[in-house]
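Asks: Structure of the sequence below:
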Amino acid sequence: MNYEEIMTQLILHGGNARGLSYEALDEAEEFNFDEAEKLMDEANDEFLEAHKHQTALIQNQDEDAAPSFVMIHAQDHVMTAQAEMQLIKRMIEHLRTTEKIEKRLEALEQNS
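Replies: As a prediction, the model looks like this:
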């Protein structure tokens with residue numbers, strides 16, 4: 001696989017990981033945590049695929065090769081996906097807590 005193909009894979013899989021993470025957040029906002037977890041697993045699989053190509057890029061890089069704008073852009077996709085996935089995981093956990101609190105509040109209101 002040449003550099004252009006590897007960079008395309010980085011952009012593709014990094015973008016897929018981000019998109020799936022946001023879909024998971026959408027599901028979590030509706031308290032559909034099973035679906036959110038499934039989507040985050042898919043996002044992680046996409047991220048791992050991107051990471052595999054990133055490793056190939058690093059291992060096969062010619063010492064005389066200068067980084068191109070596209071290479072930097074591709075790396076940015078992967079790094080952004082990783083950062084956003086970590087943040088979305090935390091947001092989902094907060095939404096789980098919110099759901100528990102809402103259920104407790106609802107039960108208290110019904111008992112009043």
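Asks: what sits against the residue nearest the centre of the chain?
Replies: Here the mean C-alpha position of the chain is nearest to the C-alpha of Met85 (C-alpha atoms, centre = their mean), at a distance of 3.6 Å. Residues touching Met85, when contacts are defined by C-beta atoms under 8 Å, 6 or more residues apart in numbering, comprise 17-18, 21, 40, 43-44, 47. No exception for glycine: its C-beta is placed from N, CA and C like everyone else's.
Asks: now those as CSV including neighbour count, pLDDT and distance to Met79?
Replies: Formatted as CSV, the contacts of Met85 follow (neighbours: other C-beta atoms under 10 Å; pLDDT from 0 to 100; distance: C-beta to C-beta, whole Å):
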residue, neighbour count, pLDDT, distance to Met79
Ala17, 28, 98, 11
Arg18, 22, 97, 11
Ser21, 27, 98, 14
Met40, 23, 98, 18
Ala43, 24, 98, 15
Asn44, 15, 98, 15
Phe47, 22, 97, 11
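Asks: of those, closest to Arg96?
Replies: Closest approach between those and Arg96, by C-beta to C-beta: Met40, at 12.5 Å.
Asks: For Leu20, see how far away that closest one is.
Replies: Look at Met40 and Leu20: by C-beta to C-beta, to the nearest Å, they are 7 Å apart.
Asks: just Asn44 next, same as before
Replies: Distance of Asn44 to Leu20, given as C-beta to C-beta: 9 Å.
Asks: what residue ranges in this protein score low on pLDDT?
Replies: Scanning the chain for pLDDT under 70 picks out 62-65.
Asks: so how far is whichever strand or helix holds Glu84 from its chain's centroid?
Replies: Element membership of Glu84 [criterion: DSSP states H and E] is helix 69-111. Taking C-alpha atoms, centre = their mean, to the nearest Å, the mean C-alpha location of helix 69-111 is offset from the chain mean by 10 Å.
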